[in-house]
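# Please find the sequence and the predicted model below.
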Amino acid sequence: MFPRVRRSKTGMTGENDLAASPQARPSSSDPSTPGSGARFWPLAIGSVGVVFGDIGTSPLYAFREALGQSGEALTPAAVLGVASLALWALLLVVTLKYVLVLMRTDNRGEGGVLSLASLAQQAIGRRTTFVFLLGAVGAALFYGDAMLTPAVSVLSAIEGLRSVPVIGPHVNLSVILIASLTILVALFAVQSRGTSGVGRFFGPICVVWFVAIATLGVVHIAQAPQIVAALDPRHAIAFVAGNGVVGLLVLGAVFLTVTGAEALYADMGHFGRWPIQASWIGFVLPALALNYLGQGAFVLDVIASAGGQPVANADWFFLMAPEAYRAPLVILATLATIIASQAVITGAFSLTNQAMQLGLLPRLTIVRTSASRFGEIYMPQVNLILAIGVVFLVAVFKTSSSLSAAYGLAVSGTMAVTTALAFVVLRNGRRWPLAACVAVMGPLLAIDLVFLGANALKVFHGGYVPLVIGAALLALMLTWVRGSEIISAKAAADAPMLDDVLPSLSRGTAYRAPGTAVFLTSQPDHAPGALLHNLKHNRVLHERNLVVSVRTADAPRVAGFERARVERLSEDFTRVSLTFGYMEEPNVPKALADLRKTGLAFDIMSTSFFLGRRSIVVGANSALPRLLGRLYIWMTRNAADPTDVFRIPAGRVVELGSRLSL
């Protein structure tokens, strides 16, 4: 049983505790509001490419998969039921829940499951295992989504080649797999170059995509206008209620229409609430609704033209396009799925960075791929793991239909977690009455649980994939948090209190070296291990000594005047506490240099940074099981160097090692 979770842990050496900053304040203005026209419209167009790439490519496979669950022979009632379910899923899950409700529960402009978990933790005002587990589960399931989205999206686009008259007969499974894997491998291979060069095209390409799918829908709606009856929710209710298990299977497949909705909330910090809401309500939602209605109208027309003969399920999205336009449509769909995949990969990098800052994962290497855009990062380890996972999924499942069974379970699980966390925030943070919270969030959570239950029926048909991925990530997070707690507790027990040793340090006979020594520590009340080891073995004490701790706030960003807290302990010792938001880069030298105006002298060229390097072994009476202990040690050894994490010049670092038993 894991105990209550500290808000943060050291990233790799145990020398950097991450905790919350209660003084952090929200931004006073939102430059993305409609009144800021110069920035609003570029952000709105940009959000079309990044935020809606995933949900925008769902028409490629969602309607087809939902109809495929209704039976071997399609009927008009099934078509109307599926179309109605798709429309109302978009209205209830995406529009009502995410756009109108959840986007108002932001963590000072930032969204996403970890931002919401931090906000919930802050709202409760104490450390709770329940909130931590919700956040960790939601984050773990997101990685399953990050692997499944590129695989199913690119496969579904390339499968459209079968509908092209000239080349369709020559497109077999091998061709589809080779083409899909080539695109996916190339996509992951170019991640280290960043997206600045091509990112400016994401929005315009996706705008063309949404216009194209809306146009296809309008053409077929005009040919079979009876499909408009799907706007009546009674068709959706009657279909699910009257078809038993089949109705639930269809409901689980219909959930594919809202995959990617989490991105609306997660990317709020990049584009702002207003641009995303405007793009969804005014452009993306109508385009998706028209396309789903158009696909339904096309199937109704095919059924009517069959003259009573049974009609089998097919790739309706591409077949509804005129033959002359199918090849360009496949190319456009492939570009759209690449953009959707890129957005999910970037989201995985961002989520991992947040998890590291909040102490859920060890510090990993981060490469900044843009000098002007802080959020654009590349993480080699995460990129490699995602690439291996995606290639494995494509090679094993081979078709988008096989992968779709696994897709819905990851997304529905994350959505249920998000709704539960939002309930905590509204009740404890926004002080909503319990009745109001139940009235608003209760039905939304009920919808999530219904979708989750429907997708759970597919657990033995591919649904186990996100569960396995999520369980593995959750095990890593729990092991890291618990192991870090054990190491921190042992280090604190072995180190004397700093206030107790200061008098003896002042009277000591150690050689006084010129300049400043900075001791990074996760326990500022205790004497840093590096300080004690330096005195014991080298008999050296600097003229000026800074005991520096770095903390991560529950807020995404911290104002400059709240960055540091300085406490003068004696003539030669000063304690400094630096606080960074979980979306910020913990640049320690820069933060210390900014303290010159407070009278704290800091010259990087006469400063040495002392870091404690801990060698950890599994003890005979370890508080962690031996296997988890070895897993924790493996994570510490593969974590990023703190010199890089805290942007410390390598030539100014002194590392002193110690050995601790886990």
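Everything's here; your move. Please read all numbers here as calculations on a predicted model, not as lab measurements.

# use CA for all of it now, contacts and neighbours both
Will do.

# center of this structure, which residue is that?
The residue at the geometric middle of the chain, judged as the C-alpha nearest the mean C-alpha position with C-alpha atoms, centre = their mean, is residue 351 (3.8 Å).

# so which helix or strand takes in that one?
With secondary structure defined by DSSP states H and E, residue 351 is part of helix 323-357.

# Tell me the helix or strand right after that helix.
Per DSSP H and E, helix 323-357 leads on to strand 367-368 as the next helix or strand towards the C-terminus.

# Can you give the contact residues for that next one?
The set of residues external to strand 367-368 that reach it, using C-alpha atoms under 8 Å, 6 or more residues apart in numbering, is 192, 374, 376, 377, 378, 379.

# Kindly recompute the last result at 10 Å.
The contact list for strand 367-368 (C-alpha atoms under 10 Å, 6 or more residues apart in numbering) reads 192, 193, 194, 374, 375, 376, 377, 378, 379, 380, 644.

# Give me the buried positions along the lengthiest strand in the chain.
Identified as the longest strand of the chain according to DSSP state E is strand 540-552. Burial within strand 540-552, assessed by neighbour count using 16 or more other C-alpha atoms under 10 Å, is assigned to 540, 541, 542, 544, 545, 546, 547, 548, 549, 550, 551, 552.

# Report how many residues lie close to residue 439.
One way to gauge burial is a neighbour count; for residue 439, by other C-alpha atoms under 10 Å, it gives 11.

# hang on, I meant residue 430
Neighbourhood size, residue 430 [other C-alpha under 10 Å]: 12.

# Number the residues from 40 up from this point.
With the count now opening at 40, the last piece we talked about shows up as residue 469.

# list the contacts for it?
Under the criterion of C-alpha under 10 Å, 6+ apart, the contact partners of residue 469 comprise 144, 162, 462, 463.

# Neighbour count for those - can I get that in TSV?
Converted to TSV, the contacts of residue 469 look like this (neighbours: other C-alpha atoms under 10 Å):
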residue	neighbour count
144	23
162	17
462	24
463	22
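
# Now, those that are in helices?
Secondary structure assignment (DSSP state H) places 162, 462, 463 from the contacts of residue 469 within helices.

# In TSV, list the contacts of strand 406-407 along with pLDDT.
As requested, these are arranged in TSV below (pLDDT from 0 to 100):
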residue	pLDDT
231	85
232	81
233	75
413	57
414	61
415	72
416	80
417	87
418	89
419	92
683	85
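
# List only buried entries from these.
Buried members of the contacts of strand 406-407, scored by 16+ other C-alpha under 10 Å, are 233, 414, 415, 416, 417, 418, 419, 683.

# these two touch, right, residue 495 and residue 447?
Yes. Using C-alpha atoms under 10 Å, residue 495 is in contact with residue 447, at 8.9 Å.

# neighbour-wise, which of the two wins?
When residue 495 is set against residue 447 and neighbours are counted by other C-alpha under 10 Å, the residue ahead is residue 447, at 28 against 22.

# Contact partners for that one?
By C-alpha under 10 Å, 6+ apart, the contact list for residue 447 reads 184, 187, 291-298, 490-491, 493-495, 497, 502, 505.

# Let's see that with 7 Å instead.
291, 294, 295, 494 (C-alpha atoms under 7 Å, 6 or more residues apart in numbering).

# Now do it against residue 172, distance only.
Plainly put, residue 447 is 21 Å away from residue 172 if you go by C-alpha to C-alpha, to the nearest Å.

# now residue 187
Residue 187 sits at a distance of 23 Å from residue 172 (criterion: C-alpha to C-alpha).

# Could you check which of those two is surrounded by more residues?
Neighbours of residue 187 and residue 172, each counted by other C-alpha under 10 Å, are more numerous for residue 187; the result is 27 against 17.

# quick one: the more buried one and residue 448 touch, right?
No. Proximity of residue 187 to residue 448 does not meet the contact threshold set by C-alpha atoms under 7 Å, at 10.8 Å.

# coming back round to it: which of the ones in helices among the contacts of residue 469 lies closest to residue 556?
Compare each of these with residue 556 using C-alpha to C-alpha and the shortest gap goes to residue 162, at 38.1 Å.
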